[in-house]
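K.L.:
let's see this in three dimensions:
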Amino acid sequence: MEALFVRLVEELERPRPLGAQVIRHLTDHYDLAREDIARFLDERLPSLAEEELDLLLSPLFTPKLTDQARIAEVLGEKSLPATEWPDWIRRLHVRPTLGQLVDDGGEGHRFPLQPVTLERFVHRLRLDGTVSVEIAGLIRHGFTELERPLLFAVARRAIWNSTARNEVLRRQLAAPHDAATVSADALALLRLMETAEPADAADILSRIPSWTETLRQQIAEAGQPKMFFNEQVRYMHGGGRDQRNPPPDATAAKRAELEFLGRLEALLSD
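P.N.:
I've put the predicted structure just below:
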């Protein structure tokens with residue numbers, strides 16, 4: 001597990017741009033001008049109370065699926081029980097592990113990460129997630145080195161803890177796949193399972209027609225011009241001939257989802 005500790009340190013210490021949400025919190029909550037933020041990070045950030053630190057840093061240190069994938073690359077099918085997490089957090093704190101925030105000017109500001117931030121990060125990595133021997137084998141032997149981390153991160157999510165749902169994942173991983181859609185399909189399936197929470201493959205198949213119809217309707221409606229609020233504005237845009245430039249394709253994600261549902265239906269129907 002030493003490789004896991006090294007990876008945790010690497011992920012926690014990688015430079016993190018502040019981002020609009022954190023900058024807005026700094027300017028609003030602490031009444032700072034943007035030019036004062038760098039000084040605040042150097043002088044005041046390390047001494048903030050834990051509650052303030054968590055509120056400020058949570059957008060930057062709440063791991064997303066991509067973060068979970070980098071950890072899953074090391075863990076694979078292994079698991080770290082939650083009972084061991086406090087010791088890991090203490091070890092990371094004592095080290096010390098240094099966060100690095102990058103301001104608007106590209107300057108990095110390093111500071112010791114406190115237990116509240118380390119706990120937030122560690123607790124949301126699915127370190128105690130489990131992957132069945134069969135699922136792990138399918139990932140290791142059926143996919144490339146670049147594809148495996150994300151697939152392991154997907155497989156470690158709690159939604160697959162039931163046998164029937166795990167079978168849905170197994171069938172997707174065992175089926176012939178197109179390298180161009182592997183990652184997108186894995187993410188789409190995870191999103192569907194965690195959002196709709198279907199009981200099993202039969203439940204998914206029974207609901208696909210309504211999902212498909214809804215998507216087709218949304219795609220069709222998105223292609224229609226928006227209604228004008230008054231006649232004067234309508235006249236300025238060509239009267240009955242709407243001359244407004246159409247918006248960028250806002251339906252691309254929905255079309256991709258529709259295509260995914262088609263592939264999923266074919267897979268689960270076999």
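
K.L.:
longest helix anywhere in this protein?
P.N.:
helix 201-222 (DSSP state H).

K.L.:
against G106, how distant is P17?
P.N.:
Note on P17: its distance to G106, by C-beta to C-beta, to the nearest Å, is 9 Å. Yep, even glycine has a C-beta here, placed from its N, CA and C like the rest.

K.L.:
who has more neighbours, these two?
P.N.:
The residue with more neighbours, out of P17 and G106, is P17; 14 against 8, by other C-beta atoms under 10 Å.

K.L.:
tell me the bridge partners for the more buried one.
P.N.:
Following DSSP bridges, P17 is listed with bridge partners V102.

K.L.:
thought V102 was touching it, still the case?
P.N.:
Yes. Between P17 and V102 a contact is recorded at 4.8 Å, counting by C-beta atoms under 8 Å.

K.L.:
pull the contacting residues for the spatially closest residue to N161 that is not a sequence neighbour.
P.N.:
Setting aside the residues directly before and after it, N161 is nearest to T130 in space (C-beta to C-beta, 6 or more residues apart in numbering), at 7.8 Å. Remark: with contacts taken as C-beta atoms under 8 Å, 6 or more residues apart in numbering, T130 is in contact with 77, 79, 156, 161.

K.L.:
burial of the residue lying closest to P115 once chain neighbours are set aside, as a residue count?
P.N.:
When the adjacent residues along the chain are set aside, P115 lies closest to H93, with 5.4 Å between them (C-beta to C-beta, 6+ apart). Burial of H93, expressed as a neighbour count using other C-beta under 10 Å, amounts to 16.

K.L.:
secondary structure element for H93, which one?
P.N.:
With the criterion set as DSSP states H and E, the secondary-structure element containing H93 is helix 85-94.

K.L.:
one more: G137?
P.N.:
Counting by DSSP H and E, the element that carries G137 is helix 133-142.

K.L.:
by contact count, what packs against that helix?
P.N.:
Other elements packing on helix 133-142 under the criterion 3 or more C-beta pairs under 8 Å, 6 or more residues apart in numbering; DSSP states H and E are helix 148-155, helix 163-174.
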